[in-house]
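J.: A predicted structure for the sequence below; I have some questions about it.
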Amino acid sequence: MASRYPLTIDNVNYIVQLEISDDGVFVTIDDGEPFEIDVTTSGLPGLMSIFHSESNWLGYVVPEPDGWRISHNNKHFLVSSSQSARKSRSNAGSEDPPGKISVPLAGVLIEIRVSAGDVVKSGDTVAVIEAMKMQNEITTPTDGIITEIYLAAGARAEKGDLILDYEISED
Amino acid sequence: MFKRILIANRGEIALRVQRTCRELGIETVAVYSEPDRNLLHVRQADKAVHIGEGPATESYLNIEKIIKAAQDSGVDAIHPGYGFLSENADFANACADADITFIGPSGDAMKSLGDKVSARKIMEDANVPIVPGANDVDPADLTAAASAADRVGFPLLVKASAGGGGRGIRLVEKPEDLENAMRLASSEASSSFGNATIFFERFVSPARHIEVQIVADSHGNVSAFGERECSVQRRNQKVLEEAPSIAVTPAIREKLCDAAIAAAKGSGYQNAGTVEFLMDNDGEFYFLEVNARLQVEHPVTELVYGGVDLVALQIAVAAGGTVEDGLIDSGPIGWAIECRINGEDPYENFRPSLGLIDYVEYPNGPGVRFDSMLFSGLDVPVFYDSLLGKLIVWAETRDLAIQRMQRALQDLVISGPQTNIPFHRELMNNQDFQNGDIYTNWLENNFSMPEATKTENEIHLALAAAAIASLLKSQNMTGQTTSVSRASKWTAAARKNNTQEIVISSGESGWRRGIR
């Protein structure tokens, strides 16, 4: 039985082939040499142990909307299915689309410094979020005019929650 | 001796205090906020009292609720841990009013020493050298503040008088940044400590952060347990501590301890405390502040002073016991290092990283101690600081302690949120750190975290794991039984998981539950 999985790590695409037979489990990555792995999962959902070349790899595999998040050796690997072509929601910080500012990390919004209609310059602080007892200022990346505000001071916010829309000033 | 003690704290320090109490045969009462209901300190207490919602002001900072919990559970004493109410004079006084022993200094001593501005004045009077600065800055009077800042000179530190743990401190390089720094320091201090008073201090640089552990009894004796070095700091927050200091000779140690003892005696201090100094390359030191509580980094002192239990000493002196007067000469023996394991991403400028701890493996073996709140399945709440645990090692020399820490950091596995373990691994391999060339601004100026590296082998195995996970998932979805020929290699548990997947749904109360 062979199965083929197009997968992506750090924006690099790979074709991963699993070949399972009486001889064992073999993995082929792209056009490389097949290598054998011996894999078990444990009673702890997500925990996976792989033997390869006589050394043991332990990882914790968590499903994500378009793939898997794997922690191994205190590092994270985001593995997405290549079909879902768009970049996965990586851990690489929130990159807001132009004209939108969202919450960069979970916490409590303790201050909103602007209101709709305000003119802001690049680097202005629009809101302050407190997480882990540290206050972090959220700034505008470009000049613009605030058009709409979605969250209020005091609100508990999750990473990615939209704070406000603004119109980018052409100049 | 006390029969029952309430521990007014959470996380690893609540566990630390609890362990000593249990060894001494003292019953413990835990308090907890809503999102903390599943924490270890709650489970391991003889009795646990729910005191409110997640925000600290509604729970761990709420004096009324904690005193009520103490009275209702009939405790003799309260241990405050560090942070929260540990240096709050009103809380110490409220304990006294309720006829409950506060395990710490008196409210008065705390007020005069815990408040940094008044502590500076006391040390000035006692001829202990202090860092040049300006006391009592009014955040509302910008003109006066600007001229005070000019007298101190730039760069300077804006500090909250009530600050601690690196919070409420801002470095100001040039005059135009002063206003913003004052506002942030003051508002951070006001939200964290309920007191917005700030002061300025000259930025002494390069300097080492050296501190002396003291324990004072109620009969006028003060013990000094040598120094700790906490120069490795990020944003004025200690990330690694060691004892002793590579820069402290026996002669300097004696001078430091004498100064610390004088400071304690001069202010009528009782119980455990820490006198912090900045020390330059000539071994000259300046008083910085007194931390009127047990410190996060107290274990490194415990390990080089023959395993002395500082919490047990705190309890003993609070109950009227005595300690030796003067510099304790049974140490330091060997070397101890502590790495603070925080839920923060070193690859993303140390931004907080919280959430469900999927899986933990504790380090172990000779000379290793891990004081931690972690267990597999813990959902780390967002309301409190990012300290998940403290990895502490002891060895005969500093070099051997570094080797041991490198080994222990390899043994520690935390799956779930990103932690700063990769940062500590880099630090242990750093030449300056290994040489002991460390200053309070060293980390920020001379150390940069390398990009996350993934070896080809790691990527290949992650891909293989993802492919296997995809295969298991697809079999589950089509209802097929597993057709893997070497099924014997797969554990029964794995097959069970294949059909019964635990669903991780993020509940706001912190515990995640559900079986599909």
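T.: Cool, got the structure. Numbering: from 1, shown residues only, chains lettered A, B, ... in the order given.

J.: For the rest of this, base every contact and every neighbour count on C-alpha atoms.
T.: OK.

J.: I'd like to know how many residues surround A:Pro6.
T.: A:Pro6: 17 surrounding residues under other Cα atoms under 10 Å in any protein chain shown.

J.: so who does B:Gly416 touch?
T.: A:71, B:355-359 (Cα atoms under 8 Å, 6 or more residues apart in numbering or on different chains).

J.: for B:Pro381, same thing?
T.: B:Pro381 touches B:35-36, B:354-355, B:510, counting by Cα under 8 Å, 6+ apart.

J.: In strands only, show me those residues.
T.: B:Gly355 (DSSP state E).

J.: residues contacting B:Gln270?
T.: B:104-106, B:215-218, B:264.

J.: closest to B:Asn180 among the contacts of B:Pro381?
T.: B:Leu354 (28.5 Å; Cα to Cα).

J.: hang on, isn't the closest one packed against B:Asp345?
T.: No: counting by Cα atoms under 8 Å, B:Leu354 stays clear of B:Asp345, with 9.6 Å between them.

J.: With respect to chain A, which of the contacts of B:Pro381 is nearest?
T.: Here the nearest of the contacts of B:Pro381 to chain A, counting by Cα to the nearest Cα, is B:Leu354; it sits at 8.4 Å.

J.: How many residues are close by the closest residue to that closest one other than its chain neighbours?
T.: Distance criterion Cα to Cα, 6 or more residues apart in numbering or on different chains; nearest residue to B:Leu354, sequence neighbours excluded, is B:Pro417 at 5.4 Å. By other Cα under 10 Å, the residues close to B:Pro417 number 23.

J.: what's the straight distance from one end of stretch B:389-401 to the other?
T.: 18 Å (Cα to Cα, to the nearest Å).

J.: which residues are contacting it?
T.: So stretch B:389-401 is in contact with B:12, B:299-300, B:303-304, B:333-342, B:367-374, B:404-405, B:434, going by Cα under 8 Å, 6+ apart.

J.: Please apply the same query to stretch B:151-162.
T.: In contact with stretch B:151-162 (Cα under 8 Å, 6+ apart) are residues B:114-117, B:132-134, B:149, B:168-175, B:181-182, B:185-186, B:189, B:193, B:195-203.

J.: again, only this time at 6 Å
T.: B:115-117, B:133, B:168-173, B:189, B:197-203 (Cα atoms under 6 Å, 6 or more residues apart in numbering or on different chains).

J.: now swap in stretch B:115-125 and tell me
T.: B:112-113, B:135, B:161-162.

J.: go with 7 Å
T.: Stretch B:115-125 has contacts (Cα atoms under 7 Å, 6 or more residues apart in numbering or on different chains) with B:112-113, B:130, B:135-136, B:161-162, B:263, B:289.

J.: what are the C-alpha coordinates of that stretch, in PDB please?
T.: Provided in PDB are the C-alpha atoms of stretch B:115-125 (Å, rounded to 0.1, in the frame of the first residue of the first chain):
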ATOM      1  CA  ASP B 115       9.400  51.300  48.400                       C
ATOM      2  CA  LYS B 116      12.500  52.000  46.500                       C
ATOM      3  CA  VAL B 117      12.500  55.800  47.000                       C
ATOM      4  CA  SER B 118      12.300  55.500  50.800                       C
ATOM      5  CA  ALA B 119      14.800  52.700  50.800                       C
ATOM      6  CA  ARG B 120      17.300  54.900  49.000                       C
ATOM      7  CA  LYS B 121      16.900  57.500  51.700                       C
ATOM      8  CA  ILE B 122      17.500  54.900  54.500                       C
ATOM      9  CA  MET B 123      20.700  53.700  52.800                       C
ATOM     10  CA  GLU B 124      21.900  57.300  52.300                       C
ATOM     11  CA  ASP B 125      21.500  57.800  56.100                       C
END
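
J.: near chain A, which residues of the stretch 101-250 of chain B?
T.: Applying Cα under 7 Å from any Cα of the partner chain, one finds that the stretch 101-250 of chain B approaches chain A through B:Glu188.

J.: Where does the prediction get shaky in the stretch 101-250 of chain B?
T.: B:163-166 (pLDDT under 70).

J.: Low-confidence stretches in the chain?
T.: Chain wasn't specified; assuming chain A. For chain A, the ranges with pLDDT under 70 are A:1, A:43, A:83-95, A:170-171.

J.: um, chain B though
T.: B:163-166, B:476-516.

J.: Just give the nearest non-adjacent residue to the residue positioned nearest the centre of it, would you?
T.: Geometric centre of chain B, nearest residue: B:Val296, 3.9 Å, by Cα atoms, centre = their mean. Leaving aside its sequence neighbours, B:Val296 sits nearest to B:Tyr82 (Cα to Cα, 6+ apart; 7.0 Å).

J.: So what does the one you found have for phi and psi?
T.: Backbone geometry at B:Tyr82, expressed as degrees, to the nearest 10, gives phi -120, psi 160.

J.: Contacts only, for it.
T.: Counting by Cα under 7 Å, 6+ apart, B:Tyr82 has contacts B:293-296.

J.: For the helix or strand hosting B:Gln475, buried residues please.
T.: Using DSSP states H and E, the element containing B:Gln475 is helix B:456-478. Under the neighbour-count criterion of 16 or more other Cα atoms under 10 Å in any protein chain shown, helix B:456-478 has B:460-473, B:475-476 buried.

J.: Got the domain ranges for the chain?
T.: Went with chain A since none was named. Domain segmentation of chain A under automatic domain parsing yields A:2-81, A:100-168.

J.: that's the wrong chain, I meant chain B
T.: According to automatic domain parsing, the ranges for chain B are B:4-103, B:132-202, B:208-446, B:471-515.

J.: Dump those domains to JSON lines, plus distance to A:Thr140.
T.: Formatted as JSON lines, the domains of chain B follow (distance: least, Cα to Cα, whole Å):
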{"stretch": "domain B:4-103", "distance to A:Thr140": "28"}
{"stretch": "domain B:132-202", "distance to A:Thr140": "17"}
{"stretch": "domain B:208-446", "distance to A:Thr140": "18"}
{"stretch": "domain B:471-515", "distance to A:Thr140": "30"}
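
J.: quick one on the thing from earlier: filter the contacts of stretch B:151-162 down to just the ones in helices.
T.: Among the contacts of stretch B:151-162, the ones falling in helices (DSSP state H) are B:116-117, B:189.

J.: which among the residues you listed gets closest to B:Gln410?
T.: Closest to B:Gln410, out of all of the ones in helices among the contacts of stretch B:151-162 and judged by Cα to Cα, is B:Ala189, at 37.0 Å.

J.: so how many other residues sit close to the closest one?
T.: 24.

J.: isn't it right next to B:Asn195, touching?
T.: Yes: taking Cα atoms under 7 Å as the definition, B:Ala189 is a contact partner of B:Asn195 at 6.0 Å.

J.: Could you look up the SS state of the residue of the stretch 251-400 of chain B found nearest chain A?
T.: When distances are taken as Cα to the nearest Cα, the stretch 251-400 of chain B reaches nearest to chain A at B:Asp385, 4.4 Å away. At B:Asp385, secondary structure determined by DSSP: H, G, I helix; E, B strand; the rest coil is coil.

J.: Which residue, neighbours along the chain excluded, lies closest to it?
T.: Nearest to B:Asp385 is A:Met132, by Cα to Cα, 6+ apart, at 4.4 Å.
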